[in-house]
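Enquirer: Below are the sequence and a predicted model for it; my questions follow.
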Amino acid sequence: MIVARSPFAVAADILDPPENPYLKDPAGWGNDRLREFYWAKQVEVLESVRDHKYTAVPSCHDAGKSFIAARTACRVPKLGHGI
């Protein structure tokens, strides 16, 4: 069943769109949209990218740095803001 929205509700969403929930929860995008689980350090990297202009990640080999960098690169354009 299709429910018609009021023109006023549509105009309100255009003029004042609801806040994107993933702006404050970077790991939530991957969990909800991609059905992926990020371990604690990967979430820390995502939050650092969100909060800081530069992020450096010291780590060992095969710890998931490239994986989380790729997810960050996929996530940023979808949120409508640059790094």
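Expert: That came in fine, so what should we check first?
Enquirer: Show the model's pLDDT score for the residue nearest the centre of the chain.
Expert: Closest residue to the average C-alpha location of the chain: residue 26 at 4.0 Å, with C-alpha atoms, centre = their mean. According to the prediction, residue 26 has pLDDT 85.
Enquirer: show me the residues around the closest residue to it other than its chain neighbours that make contact.
Expert: If the residues on either side of it in the chain are set aside, residue 26 comes closest to residue 46, at 3.9 Å by C-beta to C-beta, 6 or more residues apart in numbering. For the C-beta atoms, the positions are set from N, CA and C on the backbone; glycine is no exception. Contact analysis of residue 46 by C-beta atoms under 8 Å, 6 or more residues apart in numbering lists 26, 27, 38, 68, 71, 72, 75.
Enquirer: where do the helices sit along the protein?
Expert: For the chain, helices defined by DSSP state H occupy the ranges 7-15, 26-33, 40-51, 65-79.
Enquirer: What distance do you get for residue 23 to residue 51?
Expert: Distance, residue 23 to residue 51, by C-beta to C-beta, to the nearest Å: 12 Å.
Enquirer: hmm, I was thinking of residue 75
Expert: From residue 75 over to residue 51 (counting by C-beta to C-beta), the distance is 14 Å.
Enquirer: And residue 16, by the same measure?
Expert: 25 Å.
Enquirer: Can you measure across stretch 15-31, start residue to end residue?
Expert: 29 Å (C-alpha to C-alpha, to the nearest Å).
Enquirer: Quick check: buried residues in that stretch?
Expert: 22, 25, 26, 27, 29, 30 (16 or more other C-beta atoms under 10 Å).
Enquirer: Skipping adjacent residues, who's closest to residue 32 in space?
Expert: In space, and not counting its chain neighbours, residue 32 is closest to residue 22: 7.9 Å by C-beta to C-beta, 6+ apart.
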